[in-house]
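Trainee: Output the structure for:
(chains A, B, C and D)
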Number of protein chains: 2
Amino acid sequence: MAQKGSTPNALLGLLSIHPRSGYDIRQLIPRSIGHFWNESYGQIYPALKHLTADGLVNKKTERHKGRPDRNVYSLTASGRKELRHWLQLPVEPAVQRNELLLKLFFGAHSTKGVSRKHVATYEDQQRATLKIYTATARKLTQEQPDDPHLPFWLMTLNFGRHRCVAAIKWCTETRRELERLENAAALKT
Amino acid sequence: MAQKGSTPNALLGLLSIHPRSGYDIRQLIPRSIGHFWNESYGQIYPALKHLTADGLVNKKTERHKGRPDRNVYSLTASGRKELRHWLQLPVEPAVQRNELLLKLFFGAHSTKGVSRKHVATYEDQQRATLKIYTATARKLTQEQPDDPHLPFWLMTLNFGRHRCVAAIKWCTETRRELERLENAAALKT
DNA sequence: GGGTGCATGTAATGGGTTACATGATTCT
DNA sequence: AGAATCATGTAACCCATTACATGCACCC
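Mentor: Below you'll find the predicted structure:
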């Protein structure tokens, strides 16, 4: 009946909050699930077509003067049912590829300086991301304090915060260890 | 000249530690880079063929009685050069998909119990993974204390440890918050 | 006799990004 | 004049997993 994979279900989820067009969905992502999920137009439009064919969403074309038509999609009853069914299915864990760790793993074949640079860059990124998470959480709490979605959105932001803090701590430790190795190697010469 | 993407470079890295067959590489992964990188046979064999054609590795066929032939690959000089070049290239950050967070984000459309179950399962997995990281670090330190690769391998394991600890902390907080929400909803009825 | 391990490889399939194609309006 | 925004969609391509195909030896 429904497509496999999480993409169509992610779309159902976003449409369950509010009816939207494919374009809207793409615009919304960076301001909502963008920190842990992404979808491109090349996925969104075909998936919406498929969801419509499966009767999980309804399509309504809005005409505006001087603007392209908008195809606005909203959940049907079976769409809502399908979403609830998917939400309750267990999450199967998958290995997350991490290129930084891959390069660090082979660090003995490079200079300590190269490894330290990678770690430092990563640390900067994590600090910047952490600021965004914190600012977003504050903004959401102020703007829509009574939204029933709010607690859940804050939980996902909190996950990001914890992860960033841990990553920054690891970066500090690792940079120090790399310096130690560098000095130890210099002494031997 | 070389293929794109990290897969061939990951193979060069593994071969730089010691010459190996495609089969060996696959067997090695779970005991080395498996916690942050994976490659299947369907990637490994074609990539090795390509690397050979590019002159980055040498192939040597070993014959054994009563056993299939083994194609053992080792780095060439230009293979080592290519590895070092790739190691020094900056790591570009990519959004990591996280289905747990996706489901939690839409938690308002499900019951708190479902969300709590997801978080609890995740917590169990993280605790189990943490134990593995710690055990692996101890084992490596004992078995090859003088290996120049050791400090780098420990750094990647440490990353995993920090990440697990942070995840577990988040799980505890989040489970508590979900219970709080559940009780608050029950009071209103 | 049947499962497991060794060992190589290809084909089918699925998932995803990027580039391309179109076209009007509005802003600079 | 040219870029950006709105808006939809397809095609080409890349990356990755899984299933399939083969075949010998060893152990239970």
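Trainee: Look at A:Asp69 and report its pLDDT.
Mentor: The pLDDT attached to A:Asp69 in the predicted structure is 88.
Trainee: for the one 3 residues further on, same thing?
Mentor: A:Val72 carries a pLDDT value of 98.
Trainee: Pretty sure it sits against A:Arg63.
Mentor: No: in this structure A:Val72 lies outside contact range of A:Arg63 using CB atoms under 8 Å: 11.3 Å. C-betas here are computed from N, CA, C, even on glycine.
Trainee: of those two, who's got more company?
Mentor: A:Val72 (19 against 8; other CB atoms under 10 Å in any protein chain shown).
Trainee: SS state for that one?
Mentor: strand (DSSP: H, G, I helix; E, B strand; the rest coil).
Trainee: what's the answer for A:Gln27, then?
Mentor: helix.
Trainee: so who does A:Lys60 touch?
Mentor: Counting by CB atoms under 8 Å, 6 or more residues apart in numbering or on different chains, A:Lys60 touches A:19, A:71-74.
Trainee: Which element, helix or strand, includes it?
Mentor: In this structure, A:Lys60 sits in strand A:57-62 according to DSSP states H and E.
Trainee: likewise A:Arg127?
Mentor: helix A:112-143.
Trainee: For the next helix or strand after that helix, which helices and strands make contact with it?
Mentor: In the C-terminal direction, the helix or strand that comes right after helix A:112-143 (DSSP H and E) is helix A:150-188. Other elements packing on helix A:150-188 under the criterion 3 or more CB pairs under 8 Å, 6 or more residues apart in numbering or on different chains; DSSP states H and E are helix A:112-143, helix B:99-105, helix B:150-188.
Trainee: Tell me which of these is the most buried.
Mentor: Of all the helices and strands packed on helix A:150-188, helix B:99-105 carries the top mean neighbour count, a mean of 22, counting by mean count of other CB atoms under 10 Å in any protein chain shown.
Trainee: Briefly note if that helix comes near chain A.
Mentor: Yes: contact between helix B:99-105 and chain A, assessed by CB under 8 Å from any CB of the partner chain, occurs at B:99-105.
Trainee: any idea how far A:Ile29 is from the residue of chain A found nearest DNA strand C?
Mentor: Per CB to the nearest atom of the strand, A:Gly42 is where chain A lies closest to DNA strand C, at 2.4 Å. From A:Gly42 across to A:Ile29, the span is 14 Å (CB to CB, to the nearest Å).
Trainee: cool, and A:Ala53?
Mentor: A:Ala53 is 23 Å from A:Ile29, by CB to CB.
Trainee: between those two, which one's more packed in?
Mentor: Using other CB under 10 Å as the criterion, A:Ala53 and A:Ile29 rank with A:Ile29 on top: 19 against 10.
Trainee: Turn the contacts of A:Lys60 into a markdown table, including distance to B:Ala10.
Mentor: A markdown table is the format used below for the contacts of A:Lys60 (distance: CB to CB, whole Å):
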| residue | distance to B:Ala10 |
| --- | --- |
| A:Pro19 | 44 |
| A:Asn71 | 42 |
| A:Val72 | 44 |
| A:Tyr73 | 40 |
| A:Ser74 | 44 |
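Trainee: Let's see the PyMOL selection covering just the buried ones among these.
Mentor: Selection of buried members from those for PyMOL, criterion 16 or more other CB atoms under 10 Å in any protein chain shown:
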select buried, chain A and resi 71+72+73
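Trainee: which one among the contacts of A:Lys60 gets closest to DNA strand D?
Mentor: Closest approach between these and DNA strand D, by CB to the nearest atom of the strand: A:Asn71, at 3.8 Å.
Trainee: For that closest one, name its beta-bridge partners.
Mentor: A:Thr61 (DSSP bridges).
Trainee: so who does it touch?
Mentor: Counted by CB under 8 Å, 6+ apart, A:Asn71 has contacts A:21-22, A:48, A:59-62.
Trainee: And these, which is the shakiest by pLDDT?
Mentor: Among the contacts of A:Asn71, pLDDT bottoms out at A:Glu62, giving 91.
Trainee: count of residues packed around the closest residue to that one other than its chain neighbours?
Mentor: Once flanking residues are discounted, A:Glu62 sits nearest to A:Arg70: 4.5 Å by CB to CB, 6 or more residues apart in numbering or on different chains. Counted with other CB under 10 Å, residues neighbouring A:Arg70 total 15.
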